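Chemist: Sequence unavailable; structure follows:
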């Protein structure tokens, strides 16, 4: 009989780990609170920097995890330790006992409305990066008027690197996402002027720098180094953005047809709540604290509990998948 | 614009304002420019609403103008403020209300500084004792006077004889609300509605029947800026800020502007004359300007007080077009009559800005 492994979270980390654990001869049980698998990536369109399809990636991961027991629309009511096992009670009334629990609970997006000066939820033409990805997938967002798209802006670091938002950390992927989305909007609206308002451009990954250079050279995206101070709406419903151009040394004011806020990754409160059931510590950034941030990031401080993906901090997709595989292997080693 | 989005933010920035028993301190400059505003505040609060408002002739400036003009050190302004608090303590009050926005910001800043640096508060207590043998308790609550009119706005609405409605068309008046910078930009949590979308004047306008205009430069400073105005060479910068606001609100054709600061209505009112002389441009209809009123003046108008008893004749921009819109009766002959019908003479009329 195959041993149960409980995986909390049916996003890409949970799915990849499940796929690996199946191949290693275990019975992963995925518990997902939403009605679908794939987590945040399921809502995305193209993935930087290769512009590969998010849907294809998620479909492949779901296919590889097909043999797992999957509970969607299910939450964890409580977890407690029973000698060498963990007893997990689900909201559907089922109780599972396993020696190992893998947290793949991911992240939450910063609530852009908290940055009041940007007017999300107040001005019609202000949306977030997630709203834009949704529109790329479905074409359905009344705030995006395809007939009038002469100028578009992207604001980096919304809710990230921000003491006032109580979120000092960098969200890692927003810069490259902004570059990607700016290129995609330029492809859809070739006549549009596109601005990216950034603090620093974090192009750390493979081919990211080339992507950024292409955005400027091939697509004419205008990168303005400076923070946006306020957004307002004029009588035509367009948004007026005031920002600082620190390289030119002067303030700028632009009138835009659409403003996209790059909301960052923050810790998922559901993650913290479930972690609290077994007294798992959170780090100072709110994300779950690993046993060792450098040498053992997929292990928690408690025996039998492992982590994969953005539950321990902002991650890219390759990093998330790599951690999921590492966690699967660590689980296998732990159980032998 | 999504009004519900603003309502969510307003819900986050509500404050519990005590209902009664206030120690009231006046502004240095408001009585010169808007002489009946503070009188009307006390008239409404004491006589119309029956509240206990106490003031003493022994109180002074809070030192805010000098502090923001960088002419006195911080310890001096703190000691002045400590004396004000001492007067409040001696009178037996705990709730402190300031007529001036700069004062409000000044008091909050000082209390917050004392929270961070308690040794400074101790030193100020010593300085106060040495200089005038007074001691003080900290106020339990500090409000701005507009917070109280905001709190009482529905009671005022229930007694209102007039509303912020165009009598001819039945349409709500289009009202620009301008909040003084020191109200909530320094401590957003201390302002009703926060810093980005303050609600203190919006609430009054909505209660009294008007519609609030959100125009792009709504948050922009009026241009007073202390050093921007008090130093003559900087006045061009001061007026350029006001000009920017008027250019931004012009497409919305506001019927009036309501403000809650001493400096703001002064500059928004007077600079319309200067802009008309410099640029040849006016912003109201038919060559008039846009009337700029304090919230006490608006409360007084709504309650049916005579416009000339509200000191509106001292405004640069003519208020008569607004009074006509609201259906408020006034006697043009008594506009410049003083006590016992004394003739106060007439001011010289500007060349371009149409005045009555």
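Modeler: Yep, that arrived. No experiment lies behind these values; they were computed from the predicted model shown. Numbering: from 1, shown residues only, chains lettered A, B, ... in the order given.
Chemist: So which elements touch the lowest-mean-pLDDT helix or strand in chain B?
Modeler: With mean pLDDT, DSSP states H and E as the measure, the helix or strand of chain B carrying the lowest mean pLDDT is helix B:227-230 (a mean of 84). Contact here means 3 or more Cβ pairs under 8 Å, 6 or more residues apart in numbering or on different chains; DSSP states H and E; on that basis helix B:227-230 packs against helix B:235-249. Bear in mind the C-beta positions are built from the backbone N, C-alpha and C, glycine included.
Chemist: What's the first helix or strand after the helix it packs on?
Modeler: Sequence-wise, the next helix or strand downstream of helix B:235-249 (DSSP states H and E) is strand B:256-259.
Chemist: For chain A, which residues score under the pLDDT cut-off?
Modeler: Regions of chain A meeting the criterion pLDDT under 70 are absent.
Chemist: Am I right that residue A:87 falls within a strand?
Modeler: Yes - the assignment for residue A:87 by DSSP: H, G, I helix; E, B strand; the rest coil puts it in a strand.
Chemist: and stretch A:291-298, which residues are buried?
Modeler: By neighbour count, and taking 16 or more other Cβ atoms under 10 Å in any protein chain shown as the criterion, the buried residues in stretch A:291-298 are A:297-298.
Chemist: next one: it to chain centre, how far?
Modeler: How far stretch A:291-298 lies from its chain's middle: 21 Å, per Cα atoms, centre = their mean, to the nearest Å.
Chemist: again with stretch B:6-19
Modeler: Counting by Cα atoms, centre = their mean, stretch B:6-19 is centred 19 Å from the centre of its parent chain.
Chemist: got the end-to-end distance for it?
Modeler: With Cα to Cα, to the nearest Å as the measure, stretch B:6-19 spans 26 Å from end to end.
Chemist: tell me the mean pLDDT for that stretch?
Modeler: When pLDDT is averaged over stretch B:6-19, the result is 90.
Chemist: That one and chain A in contact?
Modeler: Yes - interface with chain A: stretch B:6-19 contributes B:6, B:8-9 (Cβ under 8 Å from any Cβ of the partner chain).
Chemist: and the residues you listed, which are buried?
Modeler: When neighbours are counted using 16+ other Cβ under 10 Å, the residues of stretch B:6-19 next to chain A contain these buried positions: B:6, B:9.
Chemist: Which members of the residues of stretch B:6-19 next to chain A occur in helices, if any?
Modeler: Applying DSSP state H to the residues of stretch B:6-19 next to chain A, the entries found in helices are B:6, B:8-9.
Chemist: Please dump the residues you listed into TSV; it should also carry distance to residue A:293 for every row.
Modeler: As requested, these are arranged in TSV below (distance: Cβ to Cβ, whole Å):
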residue	distance to residue A:293
B:6	42
B:8	37
B:9	37
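Chemist: quick one: what helix or strand has whichever residue of the stretch 51-200 of chain B sits closest to chain A in it?
Modeler: Per Cβ to the nearest Cβ, the residue of the stretch 51-200 of chain B with the smallest distance to chain A is residue B:196, at 4.1 Å. Taking DSSP H and E as the definition, residue B:196 sits outside all helices and strands.
Chemist: now do residue B:59
Modeler: Residue-wise, residue B:59 maps onto no helix or strand under DSSP H and E.
Chemist: what residues are up against the nearest residue to it once chain neighbours are set aside?
Modeler: Of all residues not flanking residue B:59 in the chain, residue B:25 sits nearest, at 5.2 Å (Cβ to Cβ, 6 or more residues apart in numbering or on different chains). The contact partners of residue B:25, taken as Cβ atoms under 8 Å, 6 or more residues apart in numbering or on different chains, are B:55, B:59, B:62, B:84, B:96-99, B:103.
Chemist: Need the nearest residue in space to residue 101, chain neighbours excluded.
Modeler: Looking at chain A here, since you left the chain open. Among residues not flanking residue A:101 along the chain, residue A:6 sits closest, at 4.6 Å (Cβ to Cβ, 6+ apart).
Chemist: try chain B instead
Modeler: For residue B:101, the nearest residue in space outside its immediate sequence neighbours is residue B:180; the separation is 3.3 Å by Cβ to Cβ, 6+ apart.
Chemist: how close does that neighbour get to residue B:235?
Modeler: As defined by Cβ to Cβ, to the nearest Å, residue B:180 lies at a distance of 19 Å from residue B:235.
Chemist: need the residues of chain A near chain B, please.
Modeler: So far as Cβ under 8 Å from any Cβ goes, chain A lies against chain B at A:113, A:116-117, A:119-124, A:230, A:232-235, A:240.
Chemist: confidence score at the residue nearest to residue B:59?
Modeler: The predicted local distance difference test score for residue B:25 is 97.
Chemist: Can you verify my assumption that residue A:78 contacts residue A:277?
Modeler: Yes - at 5.5 Å, residue A:78 and residue A:277 qualify as touching, with contact defined as Cβ atoms under 8 Å.
Chemist: neighbour-wise, which of those two wins?
Modeler: A direct count of neighbours by other Cβ atoms under 10 Å in any protein chain shown for residue A:78 and residue A:277 places residue A:277 higher, at 16 against 12.
Chemist: Quick check, that one in contact with residue A:79.
Modeler: Yes - taking contact to mean Cβ under 8 Å, the distance of 4.5 Å between residue A:277 and residue A:79 places them in contact.
Chemist: you'd agree the residue nearest to residue B:101 is up against residue B:261?
Modeler: Yes - taking contacts as Cβ under 8 Å, residue B:180 lies within contact range of residue B:261: 2.8 Å.
Chemist: which residues do the two both contact?
Modeler: Taking Cβ under 8 Å, 6+ apart as the contact rule, the neighbours common to residue B:180 and residue B:261 are B:101-102, B:222.
Chemist: need these in JSON lines with secondary structure, pLDDT and neighbour count, can you?
Modeler: Below are the shared contacts of residue B:180 and residue B:261 laid out as JSON lines (DSSP: H, G, I helix; E, B strand; the rest coil; pLDDT from 0 to 100; neighbours: other Cβ atoms under 10 Å in any protein chain shown):
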{"residue": "B:101", "secondary structure": "helix", "pLDDT": "95", "neighbour count": "26"}
{"residue": "B:102", "secondary structure": "helix", "pLDDT": "94", "neighbour count": "26"}
{"residue": "B:222", "secondary structure": "coil", "pLDDT": "93", "neighbour count": "25"}
